[in-house]
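Visitor: the sequence isn't on hand, but the structure is:
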């Protein structure tokens, strides 16, 4: 119950950050271009640094074992999400197939995991984020466009999340001691992940009429699949994992239960899909996850 209350508290804190972004845009203190610039800062600096920070720790067999288990669980849970999204949404609903399958594990999952389970847990969630990004730039682009030719392996190789994941693994396996000043900078940048991500989402929310969030049945369906059905099935998947890996199970579950990833809006805009509906799905699921995420973790605590 303690982790549920802690997660609820942190969800409410992140909601406050979202409100800050909402009012900043409404008061014309932040523009669309400004939020786009903050989004790029998140993608290219803050989130990669947050992943890198999680690997700055002494190597141990126990951590390596946990890393392997978290990687396998992350891959299985993402495959499960992809299968569910393909079964429940039509071929021409590429935005929903993408949005339901891929959570906001980086922008929201990482800070929530860090706040609720500690820095060590970010070490495990990094695997989820790295695999998610690879799948978004391959399968995700394909379901969004229906065209395999737009898939670019070069974009995967140069993806900042994938690069930071690989760099982090090197730091974990190779005994390198970083200067204190550098680790302080890394820690400071990593701590910005949650606040900046939610402020950006608040700016997204401010750009659409609030009433329109609650009038589209497809948006509701995508949100329900992402926040309730896929996390519930992920809990079932976790039942095969021994109880000694409770922290890893909860870490992957939080990432899998996070709201629709903001990348769906970016990809929809980039590939000429329904950008407005994508933004609605991101915003509605982000608002509702304040309730659903603690609920899912509470159920998992009872089931595990």
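Guide: Nice, I can see it. Everything numeric in this text was worked out from a predicted model, so none of it was measured.
Visitor: just for this protein, where's the confidence low?
Guide: Scanning the chain for pLDDT under 70 picks out the ranges 1.
Visitor: for the spatially most central residue of it, which non-adjacent residue is spatially closest?
Guide: For the chain, the residue nearest the mean C-alpha position is residue 105 (1.4 Å; CA atoms, centre = their mean). Spatial nearest neighbour of residue 105, excluding adjacent residues (CB to CB, 6 or more residues apart in numbering): residue 255 at 4.0 Å. Every C-beta, even on glycine, is put in place using the N, C-alpha and C of the backbone.
Visitor: one more: residue 269?
Guide: Spatial nearest neighbour of residue 269, chain neighbours left out: residue 275 (4.4 Å); criterion: CB to CB, 6+ apart.
Visitor: list the buried residues for the helix or strand where residue 68 lies?
Guide: Using DSSP states H and E, residue 68 falls within helix 61-88. By neighbour count on 16 or more other CB atoms under 10 Å, the buried set for helix 61-88 is 63, 66-67, 69-71, 73-78, 80-82, 84-85, 88.
Visitor: over to stretch 149-167?
Guide: Neighbour-count burial for stretch 149-167 [16+ other CB under 10 Å]: 156, 159, 160, 161, 162, 164, 165.
Visitor: tell me the contacts of residue 114?
Guide: Residues near residue 114 by CB atoms under 8 Å, 6 or more residues apart in numbering: 50, 121, 122, 194.
Visitor: and residue 86, by the same measure?
Guide: 97, 143.
Visitor: repeat that with 10 Å
Guide: Counting by CB atoms under 10 Å, 6 or more residues apart in numbering, residue 86 touches 97, 100, 101, 139, 143.
Visitor: just the buried ones out of those, please.
Guide: By 16+ other CB under 10 Å, these give 97, 100, 101, 139, 143 as buried.
Visitor: hang on, the fourth one packs against residue 82?
Guide: Yes: checked against CB atoms under 10 Å, the pair residue 139 and residue 82 is within contact range at 6.6 Å.
Visitor: picking up where we left off before, list phi and psi for the residue nearest to the centre of the chain.
Guide: phi -70, psi -30 (degrees, to the nearest 10).
Visitor: which residues sit in contact with it?
Guide: 74, 78, 112-113, 125-126, 128-133, 252, 254-259, 261.
Visitor: in helices, which of the residues you listed appear?
Guide: Those of the contacts of residue 105 mapping onto helices are 74, 78, 112-113, 125-126, 128-133, 252, 254-256, per DSSP state H.
Visitor: drop anything exposed from those residues.
Guide: 74, 78, 112-113, 125-126, 128-133, 252, 254-256.
Visitor: the helices in the stretch 101-250 of the chain, which residues?
Guide: For the stretch 101-250 of the chain, applying DSSP state H, counting those that start in this stretch gives helices covering 110-117, 119-135, 141-145, 153-157, 160-173, 180-190, 193-206, 217-224, 230-238, 246-256.
Visitor: out of those helices, flag the one nearest residue 33.
Guide: With CB to CB as the criterion, residue 33 lies closest to helix 193-206 of the helices of the stretch 101-250 of the chain, at 10.6 Å.
Visitor: so how far is that closest one from its chain's centroid?
Guide: The chain centre lies 13 Å from the centre of helix 193-206; the measure is CA atoms, centre = their mean, to the nearest Å.
Visitor: what do you get for stretch 240-259?
Guide: When distances are taken as CA atoms, centre = their mean, stretch 240-259 is centred 14 Å away from the chain's centroid.
Visitor: start to end distance for that stretch?
Guide: 25 Å (CA to CA, to the nearest Å).
Visitor: try stretch 24-44
Guide: One end of stretch 24-44 to the other measures 23 Å (CA to CA).
Visitor: next, the buried residues of that stretch.
Guide: For stretch 24-44, the neighbour count (16+ other CB under 10 Å) marks 24, 25, 30, 35, 38, 39, 42, 43 as buried.
Visitor: which residues touch that stretch?
Guide: With contacts defined as CB under 10 Å, 6+ apart, stretch 24-44 is touched by 20-23, 46-48, 50, 106-107, 133, 159-161, 164, 189, 192-193, 196-197, 199-207, 262-263, 265-266.
Visitor: any idea how many residues pack against the nearest residue to residue 194 once chain neighbours are set aside?
Guide: Leaving aside its chain neighbours, residue 194 sits nearest to residue 111 (3.0 Å; criterion: CB to CB, 6+ apart). The number of residues packed near residue 111 is 26, by other CB atoms under 10 Å.
Visitor: how close does residue 111 sit to residue 121?
Guide: Plainly put, residue 111 is 11 Å away from residue 121 if you go by CB to CB, to the nearest Å.
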